[in-house]
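> Below is the structure, and that's it, no one-letter string:
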């Protein structure tokens with residue numbers, strides 16, 4: 001089955017458009033990832049409208065390549081400036097920046113790129129091996145199982161985020177509320193349209209994503225009063241000898257890639273969690289002479305292999321079950337839905353060539369990353385000298401043009417700016433944005449399958465306990481809720497203890 005999918009996908013891959021856009025996506029991802037404050041999610045969001053106007057696999061290849069390249073690009077500014085270009089590169093500066101201070105910036109950048117590409121390839125192998133198996137198991141899912149699977153995805157995305165648990169749940173609920181706007185798919189009734197013809201189809205997912213992430217991020221960049229700031233990092237050149245340095249730590253590389261893939265497959269965990277975890281394990285098992293925290297090669301290998309392997313891991317539940325692994329794969333999933341492909345078992349059965357093409361595009365993107373990531377290091381360094389005052393208006397223009405081009409609709413622009421304002425308010429109140437997107441995508445899946453389940457059930461809600469797989473998923477959801485409640489209670493007690501200690505210290509003073 002896997003070989004058939006890969007053979008069918010290779011026919012779609014071997015076209016100039018797919019190959020060209022995949023290479024271009026890696027370059028764009030590296031450039032966007034290198035710029036502090038942007039990252040792979042921003043790159044995928046900005047290029048989402050573009051991907052909808054080319055061949056399906058070419059568009060998906062562009063977005064996946066941006067995801068892969070952007071996950072690596074943040075290491076550039078982390079190593080040279082001690083400013084992580086992306087949150088997932090935060091752990092890289094522990095050893096990357098000290099190595100650069102010792103005059104080994106070229107080696108540090110080369111190791112980061114090599115470890116990212118090799119870790120990504122490892123994650124791709126696991127993606128190819130396990131995604132079809134998981135999808136084959138999911139063919140036994142009916143409406144009750146799909147309902148509970150969607151609920152599990154909503155709970156996991158909202159709970160695993162490191163922000164306040166309650167805020168994560170509320171953000172996910174807000175996304176589900178947004179998804180109810182428009183025409184009901186089962187009854188064809190109108191909901192929350194306020195007699196507006198433009199709202200009959202609800203809000204376009206691209207306008208929502210661009211507004212929440214891109215527009216709100218640009219507003220925060222302006223509010224930070226750092227638009228005129230520019231940096232002048234020294235020119236750096238690296239070579240393929242860094243690949244040899246990386247392979248010296250092959251056990252660390254494989255272990256970190258496995259950790260990254262595991263955390264990527266857990267909805268909501270993300271590359272930053274896997275990077276810090278793999279770094280902690282590598283440091284704990286390393287010899288004291290390696291000098292972790294002082295410029296150790298193994299530290300860069302651990303973090304970069306883990307955060308790029310997360311990309312492959314995050315695609316496993318996204319493709320096989322329709323549960324996005326993180327915010328970026330949620331945007332990728334929305335691209336699949338807009339293009340007419342529905343992630344899950346049906347995708348593997350009805351369009352195996354697309355699945356095989358996605359697998360091959362992901363592997364190709366990591367191979368391109370290994371080559372171009374090393375060759376284009378001087379370009380990334382030069383890019384870091386561009387002031388944000390030139391980037392912010394350019395990005396906003398791209399957001400507006402791309403969103404308007406979707407349906408030639410001014411209403412979509414108002415939706416984009418409206419959700420941009422909502423994103424600013426949520427971020428100011430420390431609410432996570434990713435659960436909003438996940439709720440918007442999974443909300444209709446949960447609602448429609450819940451209603452179908454109740455229509456075919458003769459015992460009401462007992463249908464979710466009468467079926468073994470559905471009952472198992474109900475138990476898993478209950479465990480997730482219990483864990484989330486425990487974490488929330490513990491956080492409340494911790495805040496109370498901190499406030500009591502602060503009040504006692506003030507009294508003593």
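Okay, I see it. Quick caveat, the model's predicted, so the values are computed rather than measured. Residues are numbered from 1 along each chain as shown.

> which residue ranges form the helices in the stretch 401-509 of the chain?
Secondary structure of the stretch 401-509 of the chain (DSSP state H, counting those that start in this stretch): helices located at 410-428, 434-456, 463-466, 468-508.

> So which bits of the shortest one are buried?
It stands for helix 463-466. By neighbour count with 16 or more other CB atoms under 10 Å, helix 463-466 contains the buried residues 463-464. Yep, even glycine has a C-beta here, placed from its N, CA and C like the rest.

> quick one: average pLDDT of that helix?
For helix 463-466, mean pLDDT rounds to 85.

> do the same with the second one
What helix 434-456 shows for mean pLDDT is 82.

> which secondary structure elements does that helix contact?
With contacts taken as 3 or more CB pairs under 8 Å, 6 or more residues apart in numbering; DSSP states H and E, helix 434-456 sits against helix 143-160, helix 165-179, helix 205-209, helix 327-338, helix 463-466.

> which one of the helices of the stretch 401-509 of the chain is the most hemmed in?
Comparing those by mean neighbour count (mean count of other CB atoms under 10 Å), helix 434-456 ranks first with a mean of 22.

> I'd like to check the angle between it and helix 327-338, please.
For helix 434-456 against helix 327-338, the angle between stretch directions is 50 degrees (axes from the mean of the first three to the mean of the last three CA atoms, to 10 degrees).

> Now do stretch 135-145: distance from first to last residue.
Stretch 135-145 has an end-to-end distance of 13 Å (CA to CA, to the nearest Å).

> so what's the spatially most central residue of the chain up against?
With distances taken as CA atoms, centre = their mean, residue 328 lies nearest the centre of the chain, 2.9 Å away. With contact taken as CB atoms under 8 Å, 6 or more residues apart in numbering, residue 328 is in contact with 40-41, 44, 67, 314.

> how close does it get to residue 354?
Residue 328 sits 19 Å away from residue 354, going by CB to CB, to the nearest Å.

> Nearest to residue 376, out of the helices of the stretch 401-509 of the chain?
helix 434-456 (29.6 Å; CB to CB).

> Residue 147 contacts residue 446, doesn't it?
Yes: when contacts are counted by CB atoms under 8 Å, residue 147 is listed as touching residue 446 (5.8 Å).

> before we move on, back to that, which of the contacts of residue 328 fall within strands?
Judged by DSSP state E, strands contain none of the contacts of residue 328.

> Redo those as CSV? Include neighbour count.
Below are the contacts of residue 328 laid out as CSV (neighbours: other CB atoms under 10 Å):
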residue, neighbour count
40, 31
41, 28
44, 31
67, 29
314, 32
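
> Including distance to residue 378, could those residues go into CSV?
CSV is the format used below for the contacts of residue 328 (distance: CB to CB, whole Å):
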residue, distance to residue 378
40, 22
41, 26
44, 25
67, 24
314, 31
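
> of these, closest to residue 97?
residue 40 (21.2 Å).

> Quick check: closest non-adjacent residue to that closest one.
Leaving aside its chain neighbours, residue 40 sits nearest to residue 70 (2.8 Å; criterion: CB to CB, 6 or more residues apart in numbering).
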